[in-house]
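Participant: Below: sequence and its predicted model.
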Amino acid sequence: FFPEKDLGVMVKTNIPGIPIRDIIEVVAEEAGQLHLDPIPAWQPESKPPFMPGAAMETYAGNYFSPELQTNYEVHVEGDKLILWHFRRGSYTMKPESDDTFDAEGWTVAFEKDKQGKLNGFRITGGGVRNLWFAKWE
């Protein structure tokens, strides 16, 4: 809303990643020759936690979803942890916190049993919430 120009702009979308500010700026400029200051680039507050190769290996294995009847593989490639599916391809997993990773927009949260042994993960993203994958190898 730009009260000095008697202008308000509203953009509704249910699609993530739409450059809403760019759309508003174009409409505002066309309607009233208004220019918005650029938004400063976002800087992360801290780097993701470092994870040595030995720690990454603990997540390696095959994981099966009984609901989807499909398998994902987690493996280490060099200094990266990779989530792989035969149809969807590979996703690089970046640590966010203990046992939680970002896999290119998907959140992968590993779970352990009472003895601390890794028993699977839950994946969330793109309309999917906490879909269970049990570790079987």
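Facilitator: Arrived safely, thanks for sending. Residues are numbered from 1 along each chain as shown.

Participant: Quick one: find the helix or strand in this protein with the lowest mean pLDDT.
Facilitator: helix 20-32 (a mean of 70; mean pLDDT, DSSP states H and E).

Participant: Report the separation between the residue nearest the centre of the chain and residue 94.
Facilitator: When Cα atoms, centre = their mean is applied to the chain, the residue found nearest the centroid is residue 105 (2.3 Å). To residue 94, residue 105 is 11 Å away according to Cβ to Cβ, to the nearest Å. Every residue, glycine included, has its C-beta placed from N, CA and C.

Participant: Just to check, residue 125 is in contact with residue 107?
Facilitator: Yes: shown here, residue 125 and residue 107 form a contact pair, counting by Cβ atoms under 8 Å, at 5.9 Å.

Participant: Comparing the two, which residue is more hemmed in?
Facilitator: Ranked by neighbour count (other Cβ atoms under 10 Å), residue 125 and residue 107 place residue 107 first, with 17 against 14.

Participant: Correct me if wrong: that one contacts residue 123.
Facilitator: Yes: between residue 107 and residue 123 there is a contact under Cβ under 8 Å: 7.0 Å.
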